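*Asks:* what's the 3D shape of this:
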Amino acid sequence: MTPPIKLTHRVMVQQLSTVPDQGGGQARLWSDFREVWANVKWNSVGSSSENGALGQGRRALLTLRWASDLPDPLRLIIGGKTFRFRGSTRLKIGAGEFLQIECEESF
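*Replies:* Residues are numbered from 1 along each chain as shown. Presented below is the predicted three-dimensional model:
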C-alpha cells in the first residue's frame, strides 16, 4: 500500500493573463489563480540564465490534488519565491488523483 501524501505547504498557483496596453497591444501579466496545499520535495540547485541574468535557482517537485481547471500556462509561488513550470505528471494514488509538477526558481 502506498503511504498517503502529506500536503503541508501552501502554494499560490498563478495564471498568465493578457490585458490591453495604451499602445493598442497586449501586456502579459501573472495573476493569482488559487492557493493550494502541496507536498514539496526540494531537489538540486541548478544554474540558470533568465532575462540575461546568470544565477543558481532551486528546483522542486510538487504534488498537489489534481483539478481540471488548473491554468495552462501556470507558475507557482512557494515561500515568497517564484517557480517556473517545467513539466507535470498526473498520478492516481489510492482513491485520489494528484498532479506532480517539476519546477525551478525563476529570478
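
*Asks:* which residues touch the residue nearest to the spatial centre of the chain?
*Replies:* Residue closest to the mean C-alpha point of the chain, counted by C-alpha atoms, centre = their mean, is Leu76 at 3.2 Å. For Leu76, the contact set (C-beta atoms under 8 Å, 6 or more residues apart in numbering) comprises 11-14, 62, 82-83, 85, 101, 103. The C-beta positions use only the backbone N, C-alpha and C, and glycine is treated the same way.

*Asks:* can you list contacts of the longest strand anywhere in the chain?
*Replies:* Longest strand in the chain, counting residues (DSSP state E): strand 26-50. With C-beta under 8 Å, 6+ apart as the contact definition, strand 26-50 has outside contacts at 5-21, 54-65, 70-71, 74-75, 78, 104-107.

*Asks:* one step back: got a pLDDT number for the residue nearest to the centre of the chain?
*Replies:* Leu76 is assigned 96 on the pLDDT scale.

*Asks:* Same question for Asn51.
*Replies:* pLDDT for Asn51: 52.

*Asks:* any idea which helix or strand carries the residue nearest to the centre of the chain?
*Replies:* Taking DSSP states H and E as the definition, Leu76 sits inside strand 74-78.

*Asks:* Contact partners for Leu16?
*Replies:* 28-30, 71, 73-75.

*Asks:* Just the buried subset of the residues you listed, please.
*Replies:* Among those, the ones that count as buried by 16 or more other C-beta atoms under 10 Å are 74-75.

*Asks:* ok, the contacts of Leu16 vs Gly94, which is closest?
*Replies:* Leu74 (25.0 Å; C-beta to C-beta).

*Asks:* wait, the closest one sits on Val13?
*Replies:* Yes - the criterion here is C-beta atoms under 8 Å, and Leu74 meets it with Val13 at 5.6 Å.

*Asks:* Thr63: helix or strand, and which one exactly?
*Replies:* strand 53-65.

*Asks:* Would you check how far apart Thr63 and Gly24 are?
*Replies:* Separation of Thr63 from Gly24 (C-beta to C-beta, to the nearest Å): 43 Å.

*Asks:* The two: who's more crowded?
*Replies:* More neighbours surround Thr63 than the other of Thr63 and Gly24, with 19 against 6 (other C-beta atoms under 10 Å).

*Asks:* Cool, thanks, talk later.
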